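Novice: Dropping the sequence and predicted coords here.
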Amino acid sequence: MEFEWLSSRIADETMELVLVFNEHGNILYGNQTAAVKLEYDRDKLTKCRMAQIFRQDFPNTPDGFITFVKTSMKGVKEMTMYRSNNSCFSVNARIFPEDGADTYLLLAEDISAQKNMNMRIRELKEKESESNRARNEFTANVTHELRTPVNGIKGHVMELAEETTDPDQKKTLDIVLNCCDNMLTIINDILDFAKLESGKFVIDEKPFDFYEMMDRVIATHGAAVNKKELHMSVDIDEKIPRKLIGDELRLTQILNNLLSNAIKFTMVGYVNVAVGMTRRVNDEVELFFMVRDSGIGISQKEQDRLFQSFSQVDASITRRFGGTGLGLAITKQLVELMHGDIHVESEKGKGSAFSFSVKLKSEQVLDDKQSQVYVNWSEYMKEGEDQSVDRLMQFGEAENKAELKKRMDKLVLSIEMGAWDKAELLASTLKALIESGDDELKRRELRMEMAIRKANYEKSMDMYSKLKDAITQRIGDLWNSE
Ligand code: ADP
């Protein structure tokens, strides 16, 4: 036999179809696999022609056949093989000429199962994306419809709240208004998410005043920052042009999401927003934002799934702080729609830094000479990190003592006045300040917090003075020193 190895059992036992043919296209040999797959007796197979087996691929004329083999059969080629009963299947085939002889060897792998599988996967994917589309459309419609009645309730409650003179009733109506606002935030998040998922979200680019937008964003969070007595600072690179073109509303939404999280998860210390320009080429402006806080932080493991939808770091956080777990998933998609990236750097108990970039346009077009790329802006940002917060958190340090005294004084005043919400907030900020103390201190603080939560005056005062004693025992009398 021309190809020596064909005489061995290997040719017969291989899973590939093996055919040997001459330059007229007559088959001289077919292995056992070829005979079985093509449904021929082996001696009948050797009486077949290649153009009969490969009737879609090979021309039937002897001359045309060999020209085709020589010119078109280089490397692996997907072809169709016909069985004796005229049904067919797909193969990946290679042809090798035998040195010095006018015979050729064809090796073919049956890929029909793989192709069927791929087709099935494609069909399933199409079905899935169709049902995703339907689900997102349904969600978008329902949430849209939900907004109308909630806005209706809100409007009427606002009217009532303005008219009423009864302080108890006013308090109740304010709670209803607050609930309406929370509900609207959730509805809007779900609506945005459904739109983003179904690809229906469009970025609306218009000219806007960048500095005015930043002022508005910061002002929005002023009340929450003051309530928690956090230190808020803003650093904006003055090189950033005032007039920019982009989606102001969505940029505001990204910043609001990050800022409200930073404030929500920070009990003591600071929240800082910094904006720099990383690139300015012709009319394109790339901005880099960083929102940092000295809050509860996020562990490495938790950071990995932070930008996935409906992911909250843990269930106890949901109970304590509320939220849908959609904010960061939406934020990430919005950033990507503005051709940017978002990252987080954080350490549990030490605060977080969320940074993102976006590409906007400037009304003023620079020529090539004026254009600039500013690198390492993020490195520069790291240098400015606020070290004083570390000292604030270190139990017994001067900064820590001053902050402890301030908060303890306010706390006792809140308990005396029966301002339980305020007292609870202050107690949880104390927790962060005594974190690096010892377990006994933490237990005392917890007992006090529980008494405050139950609005029990006697018990709260008792626990307060026990905590005060424990602090004094460890770092001296805060109230009579100096
Ligand atoms: P939500 O809308 O529920 O706040 P997000 O997607 O905005 O959801 O945030 C998801 C989770 O990520 C939060 O529940 C919280 O556990 C964590 N997280 C986000 N920002 C911060 C931050 N600045 N500090 C600590 N944890 C954060």
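Specialist: On my side now, so go ahead. Numbers count the residues shown, from 1 in each chain.
Novice: And stretch 425-441, end to end?
Specialist: 18 Å (Cα to Cα, to the nearest Å).
Novice: Briefly note if that stretch comes near the ligand.
Specialist: No: counting by Cβ under 6 Å from any ligand atom, the ligand is not contacted by stretch 425-441; separation bottoms out at 12.4 Å. (Glycine included, C-beta is placed from N, CA and C.)
Novice: ok, so what distance separates Glu440 from Ile471?
Specialist: According to Cβ to Cβ, to the nearest Å, Glu440 and Ile471 sit 11 Å apart.
Novice: Neighbour count: the two, which is higher?
Specialist: Ile471 (25 against 11; other Cβ atoms under 10 Å).
Novice: Just say helix, strand or coil for the more buried one.
Specialist: Following DSSP: H, G, I helix; E, B strand; the rest coil, Ile471 is assigned to helix.
Novice: Surely it touches Leu404?
Specialist: Yes: if you go by Cβ atoms under 8 Å, Ile471 and Leu404 touch, sitting 6.7 Å apart.
Novice: Mind listing the shared neighbours of those two?
Specialist: The contact sets of Ile471 and Leu404 overlap at 434, 478 (Cβ atoms under 8 Å, 6 or more residues apart in numbering).
Novice: roughly how far is the lengthiest helix in the chain from the heart of the chain?
Specialist: Taking DSSP state H as the criterion, the chain has its longest helix at helix 112-163. Put simply, helix 112-163 sits 19 Å off its chain's centre (Cα atoms, centre = their mean, to the nearest Å).
Novice: Quick one, grab the pLDDT at whichever residue of the stretch 51-200 of the chain sits closest to the ligand.
Specialist: Ranked by Cβ to the nearest ligand atom, the top residue of the stretch 51-200 of the chain for proximity to the ligand is Asp189, at 6.7 Å. pLDDT, Asp189: 85.
Novice: report the angle between the axes of the host helix or strand of it and helix 112-163?
Specialist: Secondary structure from DSSP states H and E places Asp189 in helix 167-197. Helix 167-197 and helix 112-163 are oriented at 160 degrees to each other (axes from the mean of the first three to the mean of the last three Cα atoms, to 10 degrees).
Novice: Past helix 167-197, which element shows up next along the chain?
Specialist: Sequence-wise, the next helix or strand downstream of helix 167-197 (DSSP H and E) is strand 206-209.
Novice: Name the SS class of Gly276, please.
Specialist: Counting by three-state DSSP, the backbone at Gly276 sits in strand.
Novice: in terms of contact, does it touch Asp237 like I think?
Specialist: Yes: counting by Cβ under 8 Å, Gly276 touches Asp237, with 4.4 Å between them.
Novice: In terms of neighbours, single out the busier of these two.
Specialist: Gly276 (21 against 15).
Novice: What residues are bridge-paired with that one?
Specialist: Under the criterion DSSP bridges, Gly276 forms beta bridges with Phe288.
Novice: Can you list the residue ranges for helices in the stretch 351-482 of the chain?
Specialist: Using DSSP state H, counting those that start in this stretch, the helices of the stretch 351-482 of the chain run over 377-383, 388-393, 398-417, 420-433, 439-453, 457-475.
Novice: Out of those, which is the most enclosed?
Specialist: helix 420-433 (a mean of 20; mean count of other Cβ atoms under 10 Å).
Novice: orientation of that one relative to helix 439-453 in degrees?
Specialist: Going by the same axes, to 10 degrees, helix 420-433 makes 170 degrees with helix 439-453.
Novice: by contact count, what packs against helix 420-433?
Specialist: Judged by 3 or more Cβ pairs under 8 Å, 6 or more residues apart in numbering; DSSP states H and E, helix 420-433 is in contact with helix 388-393, helix 398-417, helix 439-453.
Novice: Recalculate using a threshold of 7 Å.
Specialist: helix 398-417, helix 439-453 (3 or more Cβ pairs under 7 Å, 6 or more residues apart in numbering; DSSP states H and E).
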